[in-house]
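1. Please find the sequence and the predicted model below.
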Amino acid sequence: MITKTEQFSTTQINKNLPGIKSGDTVKVHQKIKESFGKAQDKGEKERIQVFEGVVIAVKHGEGINATMTVRKVVDGIGVERIFPIHSPSISKVEVVRSAKVRRSKLYYLRSTKGKKARLKSKELAKAIVEKEPVIPEIVTETLPIDKPEVTE
């Protein structure tokens, strides 16, 4: 039997999200509400703010409580934000590029700088794996040798 909380959480899950994994560079479009004046009744605007960075962790499964940690570096300072994936304030998540990573949590990126902080793109990694060394085949069939004609 499905409880009311399970039924409510299934209605709140965002269905149009791409497959987000750690190592992906994503653009998260978040709705921001701005109120003007001392009283909130005076005016309220809504705008979309984009946060682009590398996903360093995806936590809490695929349910309503799922979150992703996105990290970017601005003027040499690392900025991390934790986004609830199924939040109504997130309008869209775009995957810009994917990287080949061997860990699910990329917390080591916090302490790395420069070339060590780079992630290998999936297309490059796939091209390296597919490019196998070509070994020339050994010819095993024998060709007839022309015999010189003997003249007397």
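-> Sure, I can see it. Numbering: from 1, shown residues only.

2. State the phi and psi torsions of the residue positioned nearest the centre of the chain.
-> With distances taken as C-alpha atoms, centre = their mean, residue 24 lies nearest the centre of the chain, 1.6 Å away. Backbone dihedrals for residue 24, given as degrees, to the nearest 10, come out at phi -80, psi 140.

3. Make sure it is actually in contact with residue 54.
-> Yes: using C-beta atoms under 8 Å, residue 24 is in contact with residue 54, at 7.3 Å. C-beta: built from backbone N, CA, C; applies to glycine.

4. Identify the contacts common to these two.
-> residue 99 (C-beta atoms under 8 Å, 6 or more residues apart in numbering).

5. Do you have the strands of the protein handy? List them.
-> Taking DSSP state E, the strands of the chain run over residues 25-36, 43-59, 67-74, 77-84, 90-97.

6. Which among those strands is found nearest to residue 4?
-> Closest to residue 4 of those, according to C-beta to C-beta: strand 77-84, at 20.7 Å.

7. just how off-centre is the closest one within its chain?
-> 15 Å (C-alpha atoms, centre = their mean, to the nearest Å).

8. Contacts made by it with the rest, please.
-> 28, 30, 51, 53, 56, 65-73, 90, 110.

9. highest average neighbour count across the strands of the chain?
-> strand 67-74 (a mean of 17; mean count of other C-beta atoms under 10 Å).

10. Of the contacts of strand 77-84, which is the nearest to residue 104?
-> residue 56 (9.8 Å).

11. The closest one against residue 99, yeah?
-> No: between residue 56 and residue 99 there is no contact under C-beta under 8 Å: 11.2 Å.

12. Could you pull up the residues touching residue 14?
-> 85, 86, 90.

13. ok, now residue 110?
-> Counting by C-beta under 8 Å, 6+ apart, the residues that residue 110 touches are 56, 71, 78.

14. follow-up on the earlier one: tabulate the contacts of residue 14 in JSON lines, adding columns for distance to residue 121.
-> JSON lines is the format used below for those (distance: C-beta to C-beta, whole Å):
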{"residue": "85", "distance to residue 121": "23"}
{"residue": "86", "distance to residue 121": "28"}
{"residue": "90", "distance to residue 121": "25"}
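
15. Lovely, talk soon.
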